[in-house]
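K.L.:
need coordinates for the below:
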Amino acid sequence: MSNRFFKTIVGGTNEYERTPVPAASLKGGKSFLGMYAGEHTAGTEFVIGPLFVAHGVTAGDLVLGLLIGNLLAVLSWGLITGPIAASKRLTLYYQLERIAGKNLVRWYNLVNALMFCFLAGSMIAVSATAVGIPFNLEMPTLTDWLPRTPGWILTVLVMGAVITLVAIQGYNQVSKFANIMSPWMILIFIAAAIVGLAQLGVGSFESLIATAQEVIWNGVPLAGMSKFTVWHIIFFAWFCNMAMHIGMSDLTILRYAKSWNYGFYTFVGVYLGHFVAWIASGILYAVFLQANSGSQEFAPGQIAYQTLGLAGAVCVIIAGWTTANPTIYRAGLALQGIFPKVPTWKITAIVGVITSLAACFPALVMKLLDFVALYGLLLMPMGAVIFADFYFSKKLGFRSEGALSSNSNFSLPALLSWVLTLGFCLALNYFYGIEIFFLGLPGWFVAVALFIVLSKMKYPLAKSFAV
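P.N.:
Numbers count the residues shown, from 1 in each chain. Next up, the predicted model:
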């Protein structure tokens, strides 16, 4: 969840980092409808839709998978995250601190910050593919892990420097541009789909169906890409925001909701961004592939420019920018919690350097589907810990918010639940070949069960555990 929307909800006033949000500061449903509509239409959409095409998903599997997967995501926000947020009205970080202790939360913040750095890096790379168009920059291909040319590195570093300088200025500068441009980007995606279909020769409903099945999503993966089925689409659409719903990051947002059912309002965002935008960007990629037969080049800037010209290229730059900027800002805040004495601007500058260097490697874009799944998987167990503590502590007779009630800085049950769950998921992947997209569901249940069992065993809560 990007900070621009958090600031929109909060309004730049007291953010209640360590106290429940009072009734006077709660927000109505319209705030959340607008927030989620913009949040899920961003730079990542220019990558994910084309990657579905590259992985050879069929048209029927794509539509069915997106309908089901996005519905499951909305239900996860509405039924799991929303009720806890409305009951506790605490940020994710403070709620987790009360359960797991300050020192364990520091490790969580470190993992979170690194994931934000890599996500922002991928978006800088996305913007660079559009910036490099007038310079005839050689673009990365689907199988590239390393940068191809010095020109690519230079373009990425320049983009990273500009974005970091804006982030250093503070949140107001980060959010102004993004809030203005988000509605425009939604319109660009819709226009892209219409223009792209026309370029593919679609002139009737019958030709639309035929083109979708035979040209765009024809079920044939590109060279070097694995084959995706309807299950891949369902689980990716469900868990691409795993960190936000079952991982509980959106506790920070939904604690301002007047009603617990505002979590269901995420349907506006996911069905605009994770349905319309993914389909539209897939159409753009099909147009690009038709015009560049056999090309392995994968550059969102070039793909959008092929169909929409300058407007498409500018949209890619803005989409990457408006995603990377608040992500760098948020990574800085996560690290600020670990190094509270270091000025925020210095932390943000360091984050910007790490992000810009990471952006030089095209693998961040080419493997974005895997990275997004990994990001959610790494943070998911702590969301399961919060869920188990909230729903089962009284019913099953173990201590709620153990670190707080024991005046402890570290919870062994929480740590073991985190580490053992990730070990379980790794074992499923290594020994049974289960892909990363499918690990979140069994992992969440394992994390819940582990925390309950370990808490019932009354493992000691260490009074101090240094990072």
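K.L.:
next SSE after whichever strand or helix holds Trp231?
P.N.:
Assigned by DSSP states H and E, Trp231 falls within helix 230-239. Later in the chain than helix 230-239, the nearest helix or strand by DSSP H and E is helix 251-254.
K.L.:
chain center to the helix or strand that that next one is followed by, what's the gap?
P.N.:
Next helix or strand after helix 251-254 toward the C-terminus (DSSP H and E): helix 266-271. Counting by C-alpha atoms, centre = their mean, to the nearest Å, helix 266-271 is centred 14 Å from the centre of its parent chain.
K.L.:
contacts for helix 266-271, please.
P.N.:
Helix 266-271 has contacts (C-beta atoms under 8 Å, 6 or more residues apart in numbering) with 33, 36-41, 70, 73-74, 77-78, 237, 241, 245. (C-beta placed from N, C-alpha, C; glycine too.)
K.L.:
who does whatever helix or strand comes next after that helix touch, helix- and strand-wise?
P.N.:
Counting by DSSP H and E, the next helix or strand C-terminal to helix 266-271 is helix 278-291. Under the contact definition 3 or more C-beta pairs under 8 Å, 6 or more residues apart in numbering; DSSP states H and E, helix 278-291 sits against helix 45-54, helix 59-76, helix 171-199, helix 300-308.
K.L.:
so which bits of helix 278-291 are buried?
P.N.:
Trp278, Ile279, Ala280, Ser281, Gly282, Ile283, Leu284, Tyr285, Ala286, Val287, Phe288, Leu289 (16 or more other C-beta atoms under 10 Å).
K.L.:
tell me which of those residues is nearest to Leu187?
P.N.:
Nearest to Leu187 out of these is Ala280 (C-beta to C-beta; 10.8 Å).
K.L.:
if I pick the closest one, what's in contact with it?
P.N.:
Gly49, Phe189, Ile190, Ala192, Ala193, Gly196 are the contacts of Ala280 under C-beta under 8 Å, 6+ apart.
K.L.:
the third one and Val276 touch, don't they?
P.N.:
Okay, so that is Ile190. Yes - here Ile190 reaches Val276: they are 6.7 Å apart, a contact under C-beta atoms under 8 Å.
K.L.:
can you tell me what sits against the helix or strand that contains Phe451?
P.N.:
Phe451 is part of helix 440-456, with elements assigned from DSSP H and E. The contact list for helix 440-456 (C-beta under 8 Å, 6+ apart) reads 235, 239, 242, 246, 373, 376-377, 380-381, 383-385, 387-389, 392-393, 396-399, 402, 412-414, 416-418, 420-422, 424-425, 428.
K.L.:
ok, back up a step: how about the helices and strands packed on helix 278-291, which one is nearest Leu333?
P.N.:
Closest approach to Leu333 among these (C-beta to C-beta): helix 171-199, 9.4 Å.
K.L.:
buried set for the following helix or strand past that closest one?
P.N.:
Moving toward the C-terminus from helix 171-199, the next helix or strand (DSSP H and E) is helix 205-211. Residues of helix 205-211 classed as buried: Thr211 (neighbour count, 16+ other C-beta under 10 Å).
K.L.:
elements contacting helix 205-211?
P.N.:
Helix 205-211 packs on no helix or strand, going by 3+ C-beta pairs under 8 Å, 6+ apart.
K.L.:
output it in PDB, but only the C-alpha positions, please.
P.N.:
Provided in PDB are the C-alpha atoms of helix 205-211 (Å, rounded to 0.1, in the frame of the first residue of the first chain):
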ATOM      1  CA  PHE A 205     -17.800  -9.200 -31.100                       C
ATOM      2  CA  GLU A 206     -17.000 -12.400 -33.100                       C
ATOM      3  CA  SER A 207     -13.600 -11.100 -34.200                       C
ATOM      4  CA  LEU A 208     -12.900 -10.000 -30.600                       C
ATOM      5  CA  ILE A 209     -13.400 -13.500 -29.300                       C
ATOM      6  CA  ALA A 210     -11.300 -15.000 -32.100                       C
ATOM      7  CA  THR A 211      -8.500 -12.500 -31.700                       C
END
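K.L.:
how far does that helix sit from its chain's centre?
P.N.:
Distance, stretch centre to chain centre, for helix 205-211: 33 Å (C-alpha atoms, centre = their mean).
K.L.:
residues contacting the residue lying closest to Gly440 once chain neighbours are set aside?
P.N.:
Nearest non-adjacent residue to Gly440, counting by C-beta to C-beta, 6 or more residues apart in numbering: Phe239, 4.6 Å away. Applying C-beta under 8 Å, 6+ apart, we find Phe239 in contact with Ala73, Ala373, Gly376, Phe437, Gly440, Leu441.
K.L.:
how far away is Phe239 from Leu374?
P.N.:
Distance of Phe239 to Leu374, given as C-beta to C-beta, to the nearest Å: 11 Å.
K.L.:
quick one: mean pLDDT for the helix or strand harbouring Ala128?
P.N.:
Taking DSSP H and E as the definition, one finds Ala128 inside helix 102-131. Here helix 102-131 scores 93 as its mean pLDDT.
K.L.:
report all helices and strands that it contacts.
P.N.:
Using 3+ C-beta pairs under 8 Å, 6+ apart as the test, helix 102-131 ends up in contact with helix 45-54, helix 92-100, helix 150-168, helix 300-308, helix 310-336, helix 344-359, helix 363-366, helix 368-396.
K.L.:
verify the stated contact: Val47 with Lys367.
P.N.:
No - assessed by C-beta under 8 Å, Val47 is found out of contact with Lys367, at 10.2 Å.
K.L.:
grab the nearest non-local neighbour of Asn70.
P.N.:
Leaving aside its sequence neighbours, Asn70 sits nearest to Val270 (C-beta to C-beta, 6+ apart; 4.4 Å).
K.L.:
neighbours of that neighbour, how many?
P.N.:
27 (other C-beta atoms under 10 Å).
K.L.:
columns mean neighbour count and distance to Glu17 on top of the helices and strands packed on helix 102-131, output as TSV?
P.N.:
Below are those laid out as TSV (neighbours: other C-beta atoms under 10 Å; distance: least, C-beta to C-beta, whole Å):
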stretch	mean neighbour count	distance to Glu17
helix 45-54	26	31
helix 92-100	25	6
helix 150-168	20	20
helix 300-308	26	36
helix 310-336	25	10
helix 344-359	21	14
helix 363-366	24	31
helix 368-396	21	17
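K.L.:
out of those helices, nearest to Asn218?
P.N.:
Evaluated over those, closeness to Asn218 peaks at helix 45-54, with 8.8 Å, by C-beta to C-beta.
K.L.:
contacts for that closest one?
P.N.:
Residues from elsewhere that reach helix 45-54 (C-beta under 8 Å, 6+ apart): 62, 122, 126, 142, 189, 216-217, 221-222, 225, 228, 233, 240, 273-274, 277-286, 289, 298, 300, 303-304, 316, 319-320, 365, 368-369, 372.
K.L.:
lowest-confidence one in the contacts of helix 266-271?
P.N.:
Note: of the contacts of helix 266-271, the lowest pLDDT belongs to Gly38, at 70.
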